[in-house]
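Participant: sequence and predicted structure below; questions after.
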Amino acid sequence: MGGVLRLLLIATAVVIAAATALLLSTTNAWRRDTAAKVAALQAGSTARPGVYHPAVVEDLPAPVARYFRHTLKDGQPFVTSAVVTQQAEFFVNDNWRRLRATQHFNSVPPGFVWDARITMAPLMPADVRDAYLAGRGSMQATMFGVYSLVDQSGMAELNSGALQRYLGEAVWFPTVLLPGHAVAWSAIDDRSALATLVDGETTVSLTFRFDDRDRLVETAGDRYAEQDGAYVLKPWRVACSDHAAMQDIEIPRYCEVMWMGAQGPEPYWRGRVTSIVYSFN
């Protein structure tokens with residue numbers, strides 16, 4: 001019996017070692033893929049240094065001009081890239097699951113790489129990566145770095161959804177929304193305006209809404225959602241709060257993202273910006 005037990009222990013140790021080696025290998029491969037996408041994002045940058053002056057917003061819709069005057073200081077350098085870390089939750093399988101994420105943004109041309117780890121259950125992490133690079137959106141997700149859950153890229157609807165997400169998240173580096181960049185503004189009323197962003201063959205729009213203190217509190221519009229294996233346009237909304245200055249730029253630090261269904265809001269992401277690092281050249 002002792003010999004059999006020893007063989008079983010040895011076999012178990014070998015299996016555990018092999019599984020650990022496989023997990024480390026796939027984790028390292030995921031990190032290399034993320035690093036490659038971030039490098040491609042940075043290499044594609046054509047952003048040029050610039051400085052904000054209040055006079056450049058005089059011809060914008062009134063609430064947008066007030067927003068920039070409130071958010072930015074005279075002489076604020078243009079953000080050329082940003083790195084944002086987030087602590088958040090994602091609603092999946094009828095439960096809110098914790099996640100941590102790092103997101104790299106590029107201002108010109110528009111692009112991002114979002115890399116997150118979601119705790120699906122104790123000892124059950126899922127790695128998720130969304131990106132918009134060179135006009136193409138992509139989504140990848142794996143369990144344990146081994147089992148592929150999602151792997152999509154390049155569809156027109158996915159490109160549109162990723163660029164629309166970029167437009168909504170530009171409130172974290174708002175100089176990209178200024179005149180002279182790719183965003184065009186159209187008046188709606190005294191507390192909202194329509195922002196339209198064109199990148200190559202993809203054009204997206206969102207309504208930006210501001211409160212009585214000229215802070216951005218909501219973006220909304222129709223966005224492509226996956227439903228029964230197909231993409232359909234569905235009302236989409238991002239509610240933002242907890243505004244504070246980070247590197248001298250006031251941004252909303254907490255946001256909740258939701259689809260608007262027939263029965264009301266269907267939130268699926270809620271979280272906080274824990275740090276942000278801007279580059280200006």
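Facilitator: The structure has been received and is ready for your questions.

Participant: pull up the gap between K73 and S107, please.
Facilitator: Going from K73 to S107 by Cβ to Cβ, to the nearest Å gives 18 Å. For every residue, glycine as well, the C-beta is placed using N, CA and C.

Participant: actually P252, not the one I typed
Facilitator: P252 is 19 Å from S107, where distance means Cβ to Cβ.

Participant: and for W185?
Facilitator: W185 is 17 Å from S107, where distance means Cβ to Cβ.

Participant: so for these two, which sits in the more crowded spot?
Facilitator: Taking neighbours as other Cβ atoms under 10 Å, W185 and S107 compare with S107 leading, 24 against 20.

Participant: thought that one was touching P77?
Facilitator: No. The pair S107 / P77 is not scored as a contact, 11.5 Å apart, by Cβ atoms under 8 Å.

Participant: return every residue with contacts to both of these two.
Facilitator: Common neighbours of S107 and P77, counting by Cβ atoms under 8 Å, 6 or more residues apart in numbering, are T175.

Participant: without its sequence neighbours, what residue ends up closest to M258?
Facilitator: Nearest non-adjacent residue to M258, counting by Cβ to Cβ, 6 or more residues apart in numbering: P267, 4.1 Å away.

Participant: pull the CA atoms of the helix or strand where the one you found lies into CSV?
Facilitator: Assigned by DSSP states H and E, P267 belongs to strand 264-279. This file holds the C-alpha atoms of strand 264-279, laid out as CSV (Å, rounded to 0.1, in the frame of the first residue of the first chain):
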residue,chain,number,x,y,z
GLY,A,264,-35.8,49.9,-17.8
PRO,A,265,-32.0,50.2,-17.2
GLU,A,266,-29.9,47.0,-17.5
PRO,A,267,-26.6,48.0,-15.8
TYR,A,268,-23.6,45.7,-16.7
TRP,A,269,-20.5,47.7,-15.6
ARG,A,270,-19.9,50.0,-12.6
GLY,A,271,-16.6,51.1,-11.4
ARG,A,272,-14.1,53.8,-10.4
VAL,A,273,-11.0,55.3,-11.9
THR,A,274,-8.3,54.6,-9.3
SER,A,275,-5.4,56.3,-11.1
ILE,A,276,-4.7,58.1,-14.4
VAL,A,277,-1.4,59.1,-16.0
TYR,A,278,-1.4,61.5,-18.9
SER,A,279,1.2,62.1,-21.5
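
Participant: returning to that earlier point: what pLDDT does the residue nearest to M258 get?
Facilitator: pLDDT recorded at P267 is 97.

Participant: now do A121
Facilitator: 75.

Participant: how close does it sit to F90?
Facilitator: Taken as Cβ to Cβ, the span from A121 to F90 is 13 Å.

Participant: looking at the two, which is more packed in?
Facilitator: Between A121 and F90, counting by other Cβ under 10 Å, F90 is the more crowded of the two (21 against 10).

Participant: may I have the strands that pair with the helix or strand containing that one, each with its orientation?
Facilitator: Applying DSSP H and E as the criterion places F90 in strand 81-92. Strand pairing for strand 81-92, using DSSP bridges, gives strand 95-106 (antiparallel), strand 264-279 (antiparallel).

Participant: looking only at pLDDT, what's the mean for it?
Facilitator: On average, strand 81-92 scores 97.

Participant: can you point out the buried residues in that strand?
Facilitator: 81-82, 84, 86, 88-90 (16 or more other Cβ atoms under 10 Å).

Participant: show residues contacting it.
Facilitator: Applying Cβ under 8 Å, 6+ apart, the contact partners of strand 81-92 are 42, 45, 47, 96-107, 116, 118, 120, 172-173, 267-279.

Participant: quick check: the residue nearest to the spatial centre of the chain vs G271, distance?
Facilitator: Central residue of the chain (Cα atoms, centre = their mean): W114, 5.7 Å from the mean position. Distance, W114 to G271, using Cβ to Cβ: 12 Å.

Participant: shared neighbours of the two, anything?
Facilitator: By Cβ under 8 Å, 6+ apart, the residues touching both W114 and G271 are A101.

Participant: re earlier: now do the buried residues in the strand holding P267.
Facilitator: Across strand 264-279, burial judged by 16+ other Cβ under 10 Å covers 266, 269-271, 273, 276, 278-279.

Participant: quick one: those residues as CSV, columns for distance to M258 too.
Facilitator: Below are the buried residues of strand 264-279 laid out as CSV (distance: Cβ to Cβ, whole Å):
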residue, distance to M258
E266, 6
W269, 8
R270, 9
G271, 13
V273, 18
I276, 23
Y278, 28
S279, 31
